[in-house]
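*Asks:* quick one, fold the following:
(one chain, ligands or ions: 2)
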Amino acid sequence: MRILAIETSCDDTSVSIVRDGQWVESLVVSSQIKAHQRFGGVVPELAARMHTETVHYLLPKCLAEAGRTWSEIDAIAVTTNPGLEGSLIIGVTVAKTLAMTLNKPIIPVNHITGHICSIFLDNPKPIVFPLVALVVSGGHTQLWTGNTIQTVKLLSETRDDAAGEAFDKVARLLGLPYPGGPTIESRAKLGQPTRFKLPEPLRHSPLEFSFSGLKTAVANCIQQQSPLTESDINDICAAFQQTVISTLLRKVTVAVNHSQAATVAIVGGVAANRTLLHNATEIFSSINVMAPPIKYCTDNAAMIAAAAHFCGSQVPLNTIRVGCAC
Ligand code: KG4
Ligand code: ZN
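*Replies:* Ligands and ions are numbered 1, 2, ... in the order given. Below is the predicted model of the structure:
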């Protein structure tokens, strides 16, 4: 089964062709980061407009890179929710048009299911269940658990900001570029994590997350320390990153014990943070700990094709719309 998937839920336009939910024949991503950078975050209207300007040339590029023709594509998959409404509409409209004109089945996909299914991409090793999946992105911080990929259930999530959102907001407070995660991770490597004391949010709540208070604590710390030197910035990044990581892994530990997990998967944009993965590997030394390669952590269409293959089902064309349950 060869699926062509389209992902336009936020600020990355992406098209991918994946065989059997696992083997990526091509993945093209057009990032809008530069366009949104001067605003310090994603501007929804700009994102939607840029998807329309990009998606039509990514489609032939994706087919060419895979060395495939339309006749070799068995189904079209598309992200239908969650995401920015205006951005999702572009991907859904393109996918419906392709499915209708080429007479192909269409499979709607939930973006979070996509992040979870990114664990299968280019991964020859079988995933051992039960699984605990930590989904950490710019929009979501959630724990999922299940005995099969088709039956994973939401265990907990954040009360307020997502972990990635906290990285982005703290970067902005420190005058660092958007997206904040990669810059904070590299500045943290130069800093001293114990110089500034930051509170671990919702420490006594076993599974629930919260990150808005941590962002406020960083804002107060910056105010007290101002004007900041480069080494102050490095130390704040190190303290912030360490606090986020220990908060995340404290809840993952509860989830692992609760579900007697054999595998912990860290997925979503923040899973690109290799310090998080390294610390998780140390804590959960007796079970499998994995994160996909970085290109499959941040938003991409390959994970949407994987989710369509493992968890999706074909639906009538007239039932597909933004936000449809899948
Ligand atoms: O999954 P993703 O590409 O988009 C959403 O679905 O939100 O995640 C983007 C988020 C951003 O908030 C970005 O700052 C964060 O992932 N991120 C990181 C790193 N790379 C990206 N956070 C921490 N460390 C990183 N290395
Ligand atoms: Zn995402």
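*Asks:* list the contacts for the residue lying farthest from the centre of the chain?
*Replies:* Relative to the centre of the chain, the most outlying C-alpha is that of residue 227, 34.0 Å out, by Cα atoms, centre = their mean. For residue 227, no contacting residues are found, by Cβ atoms under 8 Å, 6 or more residues apart in numbering. C-beta: built from backbone N, CA, C; applies to glycine.
*Asks:* how many residues are close by the residue in the stretch 1-150 of the chain that ligand 2 sits nearest to?
*Replies:* Nearest residue of the stretch 1-150 of the chain to ligand 2, counting by Cβ to the ion: residue 137, 4.1 Å away. By other Cβ atoms under 10 Å, 25 other residues sit near residue 137.
*Asks:* ligand 2 versus the nearest residue to it once chain neighbours are set aside, what's the distance?
*Replies:* Distances taken as Cβ to Cβ, 6 or more residues apart in numbering put residue 268 closest to residue 137, at 3.5 Å, once the chain neighbours are dropped. Going from residue 268 to ligand 2 by Cβ to the ion, to the nearest Å gives 6 Å.
*Asks:* what do you get for residue 252?
*Replies:* Distance, residue 252 to ligand 2, using Cβ to the ion: 19 Å.
*Asks:* surely that residue and residue 132 touch.
*Replies:* Yes: between residue 252 and residue 132 there is a contact under Cβ atoms under 8 Å: 6.4 Å.
*Asks:* identify the contacts common to these two.
*Replies:* Residues touching both residue 252 and residue 132 (Cβ under 8 Å, 6+ apart): 143, 264.
*Asks:* pick out whichever of the two has more residues nearby.
*Replies:* Taking other Cβ under 10 Å, residue 252 and residue 132 do not tie; residue 132 has more neighbours (29 against 22).
*Asks:* you'd agree the more buried one is in a strand?
*Replies:* Yes: under DSSP: H, G, I helix; E, B strand; the rest coil, residue 132 sits within a strand.
*Asks:* helix, strand or coil for the residue in the stretch 1-150 of the chain positioned nearest to ligand 1?
*Replies:* Distance from ligand 1 to each residue of the stretch 1-150 of the chain (Cβ to the nearest ligand atom) is smallest for residue 138, at 2.8 Å. Look at residue 138: counting by three-state DSSP, its state is coil.
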